[in-house]
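[1] Predicted structure and sequence below. I'll ask about it afterward.
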Amino acid sequence: MFQNLIFDWSGTLVDDLGPVLEATNHVLSIYGLPAMDREQFRRRFRLPYMDFYAEVLPDIPLAELESHFRPAFDQALTPVTILPHAAEKLAWCSALGIRSFVLTSMDTIAFERQLHDFGLAHHFEATYSGVLDKREVIHQIIAHHHLDPKKTAFVGDMTHDVETARHGGVSSIAVLTGYNHAEVLAAARPDLTVPDLKVLKDLWSLRLDQHRPTVTVGALLYNDHAEILLVKTPKWKNLWGIPGGKIERGETMLHALQREMLEETGIEIDRVQFVLAQDSIDSPQFMRSQHFVLLNYLAHAQSTEVVLNHEATEYRWINLLDAYDLPLNEATKFLLDHIQHHSLLPTPDA
Ligand SMILES: [Mg+2]
């Protein structure tokens, strides 16, 4: 999906909303304002944080506010924690060779301390902290590290992160683990919104799977009269072919074949013999663009009584040569040619 990920820190990889809220409420109390609860804060807080304070406490200089905020944050009772799934997600990125960066407005001393305390430093190629307006730095990161914007995403929990991504021409991924309420974030229209980093990782794995070929097993079944079984299926544009399907994770090829035959034809098989493997890459005869590796077998049907499932509409027991009169899908035709050429089909039982 992406080769480079730039992560926000607070609310994305670590949870420091508790101490930030404590410190913010301390600042508000100094100026006689009521405390906010978590939900109120998530609806109102925004970056750059001078904008938030300009709205909440206009006319108070930022330096003065920070002089109250910093010690209150350091003395806050609620601990800063690493968010669930953050470490796994970063390890997963490292394993896949995805380049990771941090871009955060957290002041550098606090950030470096957390980075060290949580043992995450080795995951990042570079980190940028103490950045009040991330939009001013995103281009610099992209240029300095030669990142292709099309293959880069900024992952963050706030509207400002989405705006920063847009400003840098990279994709924006919003997580709901942090400072902005889901409604506030949605209004910024991120390219992708996930509840947390685990879902991001899972979605990503799913996409990677779809980018790889799918391995399938299929068999030409024959009966005691040396007739073969063909089925007509809408998946292959109503052409005729052999029954078969995908191998499940953890399943052997043979078990997948036995299962698929039973599911699609109701037939138990024996005398299973591997015949050949075929590529089927975006066949126009298949219902959608897909890359299959087809493992083709020959197997004896223990009965001739066929029970189709929803995948096929018709079946026929037929002599091999007569099968060519049916409109066959190209992979099945290739298999039949091979079986005929090498005389692989047993002669009828006496
Ligand atoms: Mg954040």
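    Nice, I can see it. All values derive from a computational prediction rather than experimental measurement.
[2] drop to CA atoms for contacts and neighbour counts, all remaining ones
    OK.
[3] okay, now the residue of the stretch 101-250 of the chain found nearest the ion: neighbour count?
    In the stretch 101-250 of the chain, no residue comes nearer to the ion than Asp157, which is 4.9 Å away by C-alpha to the ion. As a burial measure, Asp157 scores 29 neighbours (other C-alpha atoms under 10 Å).
[4] Arg249 now?
    7.
[5] gap between it and Val215?
    Separation of Arg249 from Val215 (C-alpha to C-alpha, to the nearest Å): 10 Å.
[6] any idea of the mean pLDDT in stretch 20-31?
    Across stretch 20-31, the average pLDDT comes to 95.
[7] Helices of the protein, residue ranges please.
    Using DSSP state H, the helices found in the chain span residues 17-30, 38-44, 49-56, 62-74, 86-96, 108-117, 135-144, 159-168, 182-187, 197-210, 253-265, 320-323, 330-341.
[8] between the ones you listed, which gets nearest to Asn238?
    Taking C-alpha to C-alpha, helix 330-341 is the member of these nearest to Asn238, at 12.4 Å.
[9] Mind listing what's buried along the closest one?
    For helix 330-341, a neighbour-count test (16 or more other C-alpha atoms under 10 Å) marks 330-333, 335-336, 339 as buried.
[10] What about the nearest residue to Ala174 once chain neighbours are set aside, how many residues nearby?
    Distances taken as C-alpha to C-alpha, 6 or more residues apart in numbering put Thr193 closest to Ala174, at 4.6 Å, once the chain neighbours are dropped. Look at Thr193: counted by other C-alpha under 10 Å, it has 20 neighbours.
[11] what do you get for Ile6?
    Residues lying near Ile6 (other C-alpha under 10 Å) number 27.
[12] cool, and the one 5 residues further on?
    Per other C-alpha under 10 Å, the neighbour tally for Gly11 reads 20.
[13] Report the mean per-residue pLDDT for stretch 43-58.
    The average pLDDT within stretch 43-58 is 89.
[14] in it, what counts as buried?
    For stretch 43-58, by 16+ other C-alpha under 10 Å, it's 45-47, 50, 53, 57.
[15] list the buried ones in the biggest strand by length in the chain?
    Identified as the longest strand of the chain according to DSSP state E is strand 269-281. Across strand 269-281, burial judged by 16+ other C-alpha under 10 Å covers 269, 272, 275, 280.
[16] follow-up on the earlier one: out of the helices of the chain, which is the most enclosed?
    Stretch with highest mean neighbour count among the helices of the chain: helix 159-168 (a mean of 22; mean count of other C-alpha atoms under 10 Å).
[17] tell me what that one is packed against?
    Here helix 159-168 touches helix 135-144, strand 152-156, strand 171-175, going by 3 or more C-alpha pairs under 8 Å, 6 or more residues apart in numbering; DSSP states H and E.
[18] With mean pLDDT and distance to Lys235 added, can I get the ones you listed in JSON lines?
    As requested, those are exported to JSON lines (pLDDT from 0 to 100; distance: least, C-alpha to C-alpha, whole Å):
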{"stretch": "helix 135-144", "mean pLDDT": "96", "distance to Lys235": "45"}
{"stretch": "strand 152-156", "mean pLDDT": "97", "distance to Lys235": "36"}
{"stretch": "strand 171-175", "mean pLDDT": "96", "distance to Lys235": "35"}
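[19] Quick one: name the residues of the stretch 51-200 of the chain near the ion.
    Proximity of the stretch 51-200 of the chain to the ion (C-alpha under 5 Å from the ion) is limited to residues Asp157.
[20] what pLDDT does Pro234 get?
    89.
[21] what's it in contact with, if anything?
    Neighbour list for Pro234: 287, 311-313 [criterion: C-alpha atoms under 8 Å, 6 or more residues apart in numbering].
[22] Tell me how far the spatially closest residue to Asp37 that is not a sequence neighbour lies from the ion.
    In space, not counting the residues next to it along the chain, Asp37 is nearest to Leu21; the distance is 7.9 Å by C-alpha to C-alpha, 6+ apart. Distance, Leu21 to the ion, using C-alpha to the ion, to the nearest Å: 13 Å.
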